[in-house]
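Enquirer: A predicted structure for the sequence below; I have some questions about it.
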Amino acid sequence: MTIVASPGRRLRDLLAAPGILVTPGVFDGFSVRLVEQMGFRTAGISGAGLSEATLGWADVGIMGYAENVAASAALAACTSLPLSADGDTGYGNAMNVYFTVRGFERAGLACLMIEDQVWPKRCGHMPGKQVISAEEGVEKIRAAAEARRDPDFVIKARTDATAVHGLAEAIRRLNLYAEAGADMLFADALLSAEDIGTVARNVGKPLAVNMGFGIRQRPTTPLLSARQLEDLGAKVVSYPRLLSAAAIQGMKNALTVLDQSLTEGRVIDRPDLLVSFDELNNLMGLPRIKEIEQRFTAGRRA
């Protein structure tokens, strides 16, 4: 019998491998299946993407634990990739964090990120963020580390302290969170390549960095290549809004053509804007469904 490594173990193996780990952000069945089909080795579930796609509201703490863990479980069930999830602030105090970690681990995730914002949180590049005390943040990470049943389940600690208290405080907090049991660290909204390098050199666990393609307001994290980030000392680079933003633009393009068709009273077929019906069905696992159907449909096993 083949023993399959746990999602956390598979993610840890990727983190231990040479080079920077590229992590596209996913938010639905289309995106997670496409990322796997394209050959990426892991993906991160975007909390913002889930809130926006499932609830239709911005990432400002409207989505709760139950909605988040249910959506994340569905994505983990339709891919073989080890997935990271966004646990926001843990939905309360350290006790709530404990049960939040239990829920996401049980749902089949490889990693959960817990942040030190005040609830309700804000997307990391929005103004007006506030953070809890470093001491409370430590207790949350300590509870998260203790809660996991699988010792390989990865705890990712995020601080938003840079925008509130400065870079030195962000580094201090990340090291405190590492000591409390975090396996991966993330300082959101760093404002320069120099800041990224400074954090990477001064923390004791692997550093993750987000690249926010399409974010046009400033100040925000500068766009750097994966190779540049690796040279600065980052171990993981995530692209949390790349696919959700691209999906919206694709739908806008298609609806613009539909509107033109209605206005002009004629059919406008733009195959270049759409995947084919066969490609869609193949991506969504229809061949596998047919194979299962053929094996278990009555009368076909004779």
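Expert: Perfect, thanks for sending it. Only a predicted model underlies this, so the values are computations on that prediction, with no experimental measurement involved. Numbering: from 1, shown residues only.
Enquirer: buried residues in stretch 28-39?
Expert: When burial is assessed from 16 or more other C-beta atoms under 10 Å, stretch 28-39 yields the following buried residues: 28-36. Yep, even glycine has a C-beta here, placed from its N, CA and C like the rest.
Enquirer: My error: substitute stretch 185-200 in the last question.
Expert: 185-190, 195-200.
Enquirer: now, which of those lie within helices?
Expert: Using DSSP state H, the subset of the buried residues of stretch 185-200 located in helices is 195-200.
Enquirer: would you turn those residues into JSON lines with distance to Phe296?
Expert: Written out in JSON lines, the entries for those read as follows (distance: C-beta to C-beta, whole Å):
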{"residue": "Asp195", "distance to Phe296": "56"}
{"residue": "Ile196", "distance to Phe296": "52"}
{"residue": "Gly197", "distance to Phe296": "56"}
{"residue": "Thr198", "distance to Phe296": "58"}
{"residue": "Val199", "distance to Phe296": "53"}
{"residue": "Ala200", "distance to Phe296": "52"}
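Enquirer: which of those lies closest to Arg41?
Expert: For Arg41, the closest of these turns out to be Ala200, at 21.2 Å, with distances computed as C-beta to C-beta.
Enquirer: what's the distance between the nearest residue to the closest one once chain neighbours are set aside and Gly39?
Expert: Spatially, and ignoring its direct neighbours in sequence, Ala200 is nearest to Gly233 (2.9 Å; C-beta to C-beta, 6 or more residues apart in numbering). Between Gly233 and Gly39 the computed distance is 26 Å (C-beta to C-beta, to the nearest Å).
Enquirer: Could you give the backbone dihedrals for the nearest residue to Ser261 once chain neighbours are set aside?
Expert: In space, Ser261 comes closest to Ile268 once its chain neighbours are excluded; the distance is 4.4 Å by C-beta to C-beta, 6+ apart. Recorded main-chain torsions at Ile268 are phi -120, psi 110, according to degrees, to the nearest 10.
Enquirer: right, and the helix or strand after the longest helix belonging to the chain?
Expert: Ranked by residue count and defined by DSSP H, the top helix of the chain is helix 242-264. Using DSSP states H and E, the helix or strand that follows helix 242-264 in sequence is helix 277-283.
Enquirer: can you list the residues that contact that next one?
Expert: When contacts are taken as C-beta atoms under 8 Å, 6 or more residues apart in numbering, the neighbours of helix 277-283 outside the stretch itself are 30, 33-34, 37, 275.
Enquirer: pLDDT averaged over that helix - what is it?
Expert: Confidence for helix 277-283, expressed as mean pLDDT, is 97.
Enquirer: in it, what counts as buried?
Expert: Buried-residue list, helix 277-283, by 16+ other C-beta under 10 Å: empty.
Enquirer: Please enumerate the helices of the protein.
Expert: 7-16, 29-37, 47-50, 65-77, 94-106, 134-147, 161-165, 167-180, 193-202, 226-232, 242-264, 277-283, 286-296.
Enquirer: which stretch among these comes nearest Lys121?
Expert: For Lys121, the closest of those is helix 47-50, at 8.7 Å, according to C-beta to C-beta.
Enquirer: didn't Arg149 look like it was pressed against Glu105?
Expert: Yes. With contact defined as C-beta atoms under 8 Å, Arg149 counts as touching Glu105 (6.3 Å).
Enquirer: Neighbour count: these two, which is higher?
Expert: When neighbours are counted by other C-beta atoms under 10 Å, Glu105 comes out ahead of the other of Arg149 and Glu105, with 21 against 10.
Enquirer: and the more buried one, how far is that from Ser72?
Expert: 11 Å.
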